[in-house]
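Trainee: got a structure for you, letters missing:
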């Protein structure tokens, strides 16, 4: 029996939940053989239907919002599609990342429907900021020590695997990213730092509530794996907490520095 999902906020219109790393949101053609999905678990936990309004990759943990009616689902889906939701992620990357930068590498879709080279390149924008870093006296690659950074990422568009691909293209792949990262660093974190997963978490969503019209800012604490790593690296001051703020207007995503 799985542990109950962590509910961050619930009202009659929507629910915000912490999605565990490794859990698929819903059934897909790529999920043959899988028996556990966030939507089914949440439906059973709440005793009512839930409706997805945005994506969160399977290996990524963090804050997700789901609607509790088709009408609210339509409004929330539009808000995400029209970039009216501000999103914040935390990622642990290889190297000392940029202090602050806007990444604007166009990305081709990776949905498997046809060869990636045949897909059009789509606009993709991510604002990144280095919050902290650490240097370990361990040779993982060709250098005698290994450096890693804690990066904040705010995607202004919603392409598949956007943050993972943008940080990798910039030269700072996320630890635990089997597709876009580097195996020796991923193995080091898995075998020596008890962190065998993608170190990317969705920590905050800020939107206008689709029913009340009031600002709604949702933040979620990290899971045990990432929380322990942050403390080990001296990054505890950057640990987010579960919180709901319905008082402060949120910045439009395009206005974020």
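Mentor: Nice, I can see it. Remember, predicted model here, so these are calculated numbers, not experimental data.

Trainee: And the next helix or strand past the lengthiest helix in the chain?
Mentor: In the chain, assigned by DSSP state H, the helix with the most residues is helix 70-81. Next along the chain after helix 70-81, taking DSSP states H and E as the criterion, comes strand 86-94.

Trainee: and the angle from that next one to helix 70-81?
Mentor: 50 degrees (axes from the mean of the first three to the mean of the last three Cα atoms, to 10 degrees).

Trainee: quick revisit: which other helices and strands contact the longest helix of the chain?
Mentor: Judged by 3 or more Cβ pairs under 8 Å, 6 or more residues apart in numbering; DSSP states H and E, helix 70-81 is in contact with strand 51-52, strand 61-67, strand 200-208. Every C-beta, even on glycine, is put in place using the N, C-alpha and C of the backbone.

Trainee: Swap in 10 Å and give it another go.
Mentor: strand 14-19, strand 51-52, strand 61-67, strand 200-208 (3 or more Cβ pairs under 10 Å, 6 or more residues apart in numbering; DSSP states H and E).

Trainee: can I get the ones you listed in CSV with mean neighbour count, distance to residue 85 and mean pLDDT?
Mentor: Formatted as CSV, the helices and strands packed on helix 70-81 follow (neighbours: other Cβ atoms under 10 Å; distance: least, Cβ to Cβ, whole Å; pLDDT from 0 to 100):
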stretch, mean neighbour count, distance to residue 85, mean pLDDT
strand 14-19, 23, 12, 98
strand 51-52, 17, 14, 96
strand 61-67, 25, 8, 97
strand 200-208, 23, 4, 97
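
Trainee: Just the buried positions in the longest helix of the chain, please.
Mentor: The neighbour-count check on helix 70-81 (16 or more other Cβ atoms under 10 Å) flags 72, 73, 75, 76, 77, 79, 80 as buried.

Trainee: Stretch 168-186 now?
Mentor: Counting neighbours by 16+ other Cβ under 10 Å, stretch 168-186 gives 168, 170, 172-177, 180-182, 185-186 as buried.

Trainee: hang on, the earlier thing: dump the helices and strands packed on helix 70-81 to JSON lines, plus distance to residue 164.
Mentor: Formatted as JSON lines, the helices and strands packed on helix 70-81 follow (distance: least, Cβ to Cβ, whole Å):
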{"stretch": "strand 14-19", "distance to residue 164": "16"}
{"stretch": "strand 51-52", "distance to residue 164": "20"}
{"stretch": "strand 61-67", "distance to residue 164": "14"}
{"stretch": "strand 200-208", "distance to residue 164": "7"}
